[in-house]
Structures are given as structure tokens and as C-alpha cells.
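A.B. asks: got a predicted structure plus its sequence, pasted below:
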Amino acid sequence: MKSTSYVYMETEDEVSIINLNDEKSFNALSHSVLEELFLLLKDADTDKSTKVIIIRGQGKGFSGGHNLKEVQKNKNEEFYQDLMSASSRVMSLPARLNKPVIAEVEGVATAAGCQLVAACDLAYSSFDAKFATPGVNIGLFCHTPLVPVSRSIAQKHAMEMLLLGEMIDAVEAKRFGLINDAFKSSELHAKVMEKAGIIASKSPYVVRTGKKTFYEQLEMKLSDAYLYSSGRMVDNLMAGDANEGIDAFLNKRDPKWEIS
């Protein structure tokens, strides 16, 4: 287990679980927490025994976003720039990691906390979880949270969250596409581990290269996306795991992946 006072990482099977652990602040994403979260995500991604990464919050909230007491205490542009830079480094990281990242959400996920949920590859919550981008309520529009939120859900839904600043429940979050599914609180972790286990059973090479293709083609125009993804498909077809997977399927046996 690797830990700091407010962030720690543990392993379960082939999964690295990063825990936000500042219950008193609803796991606020202070500057130091963001820096630790960035380092632990990088560590988990380079760990050869890890196939999936989970981010979750301890206590009653996933994360309430940036620490407003810290923001109020440091009223200067340099600090704000450093904070936003640290935040952007973390929020843009899941899409660039080799391993899939899953948000496991209990309680509230608001502002930058909601941003972190949207930035993950997959997200699952308990039925009593709540989500919001409420900055507009305190004179602080959620400029940075809107980046992954607007890329995860439809434009009208994103603007509704951003302009109203109201909480939405897990059912609404699933309807919007902010989370993949919701479960009873008592079942949430087991369900998330079940999803992680399914992913872990796939070829690490295929998951890694497929994830990269997915995010890179999103920024391309359609013709370029097809050209790029066709080249990636050819590379995949030439890889040993594709030959193994096809042979296993045709001969009705479990595949034995060769590429880590």
C-alpha cells in the first residue's frame, strides 16, 4: 500500500485502487491532493501487475471538488494558475494512461469531483450518489469541469448542469451518460470489481492500443479517423494476440494472451 495523509493506493487482484481519503472536506481536491493523485495514477499505470485502475472516495463523498478554503486563503493569480495547471494534469491523465480507469462513486461528486468522474474511462455509482457542476451558484462557473463533462454527455445536458448548478441523482446521471450504471451501495464495489475483472481478462496489448485509438480518433475529422484507425487495425491484426484470440474463438477454448 502506498499512502499519504489524504490519498492512498491499495491493490486487489489485478486492480490498483486509489482512495481519496479526506473525509472532513468531502475529499476536496487541494493542490497537494492533485499532485499526489497524479503520481499515484502514474505509478499504477506503470505497475506490471495492474490491469485496471479504480478511483474512489472514502466517507460520505467521492469528491466535493476544489478546496474552497484553500482557494479563499490564497487569493493571488499565481496560485490559481498553479492550481488549475495541477488540476488539468490530473484530469487529462486518465485518457492518456495505458490502463482503463474506473470511477467508483459514493455520495457527492461535485465541481472538480464531477470533472474527475467524467474524465475517467468508465464510471459507476451507488443509487444515492449525487452529481453537480454548481459553480454558477457561487459566482464561479465550472470552466474546467465542463471540458470532460461536455465530452461525456450531450451538449444540452451539459449546459443544463452548468447553468442550473443543481444536483442530479444517479438515475439522471446514467440517463445523461455521465455514469455507466448505478447499484445498491452495498453492492457497488463488488460490481465495479466484476467489471474490472472482465477487462483484466482481455489482452493487455489490445486494451492498451484500443484505448489509445479511441481517444486519438475523437479529435480527428471523419476521413482522418478512418485512415488512422484502419492503420491501427492492421497493426492489431498482425499482432500475436489477434492470432491467438481468433484461433481460441474458432476452436472454442480460452485464449492465452502473449503480449503484456
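C.D. replies: That came through, no problem.
A.B. asks: now do the same contact list for the residue nearest to the spatial centre of the chain.
C.D. replies: Closest residue to the average C-alpha location of the chain: Cys120 at 1.6 Å, with C-alpha atoms, centre = their mean. Neighbouring residues of Cys120 by C-beta atoms under 8 Å, 6 or more residues apart in numbering: 55, 94, 101-103. From N, CA and C alone the C-beta is placed, and that goes for glycine too.
A.B. asks: narrow the residues you listed to those in strands?
C.D. replies: Taking DSSP state E as the definition of strands, the contacts of Cys120 contribute 55, 101-103.
A.B. asks: could you dump those residues into CSV and include distance to Lys130, neighbour count and pLDDT?
C.D. replies: Putting these into CSV (distance: C-beta to C-beta, whole Å; neighbours: other C-beta atoms under 10 Å; pLDDT from 0 to 100) gives the following:
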residue, distance to Lys130, neighbour count, pLDDT
Ile55, 17, 28, 98
Val101, 21, 24, 98
Ile102, 19, 25, 98
Ala103, 14, 28, 98
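A.B. asks: before we move on, the earlier item: ok, now how distant is the closest residue to the residue nearest to the centre of the chain other than its chain neighbours from Tyr124?
C.D. replies: Using C-beta to C-beta, 6 or more residues apart in numbering and skipping the chain neighbours, the partner closest in space to Cys120 is Ala103 (4.1 Å). Separation of Ala103 from Tyr124 (C-beta to C-beta, to the nearest Å) stands at 7 Å.
A.B. asks: could you chop the protein up by domain?
C.D. replies: 2-200, 204-250 (automatic domain parsing).
A.B. asks: most tightly surrounded among these?
C.D. replies: domain 2-200 (a mean of 19; mean count of other C-beta atoms under 10 Å).
A.B. asks: how far away from the center of its chain is it?
C.D. replies: Relative to the centre of its chain, domain 2-200 is centred 6 Å away, using C-alpha atoms, centre = their mean, to the nearest Å.
A.B. asks: beyond the strand or helix carrying Asp235, next helix or strand please.
C.D. replies: Assigned by DSSP states H and E, Asp235 belongs to helix 222-238. Per DSSP H and E, helix 222-238 leads on to helix 240-250 as the next helix or strand towards the C-terminus.
A.B. asks: what is that next one packed up against?
C.D. replies: helix 204-218 (3 or more C-beta pairs under 8 Å, 6 or more residues apart in numbering; DSSP states H and E).
A.B. asks: which residues of this structure fall in strands?
C.D. replies: Using DSSP E, the strands of the chain run over 2-3, 7-12, 15-20, 52-57, 61-63, 101-105, 108-110, 122-126, 130-132, 168-169, 181-183.
A.B. asks: tell me the strands beside the fifth one, with direction?
C.D. replies: Think strand 61-63. strand 108-110 (parallel) (DSSP bridges).
A.B. asks: so what touches the strand it pairs with?
C.D. replies: By C-beta under 8 Å, 6+ apart, strand 108-110 touches 26, 57, 60-65, 103, 116-117, 125, 129-134, 167.
A.B. asks: ok, now with 10 Å
C.D. replies: Residues from elsewhere that reach strand 108-110, judged by C-beta atoms under 10 Å, 6 or more residues apart in numbering: 26-27, 57, 60-65, 103, 114-118, 123, 125, 128-135, 142, 145, 165, 167, 173, 178-179.
A.B. asks: apart from its neighbours in sequence, what residue is nearest Ser30?
C.D. replies: Asn67 (4.2 Å).
A.B. asks: please tell me I have it right and the one you found contacts Leu20.
C.D. replies: No - applying C-beta atoms under 10 Å, one finds Asn67 not in contact with Leu20, separated by 11.9 Å.
A.B. asks: shared neighbours of the two, anything?
C.D. replies: Once C-beta under 10 Å, 6+ apart is applied, the residues that Asn67 and Leu20 both contact turn out to be 26-29, 33.
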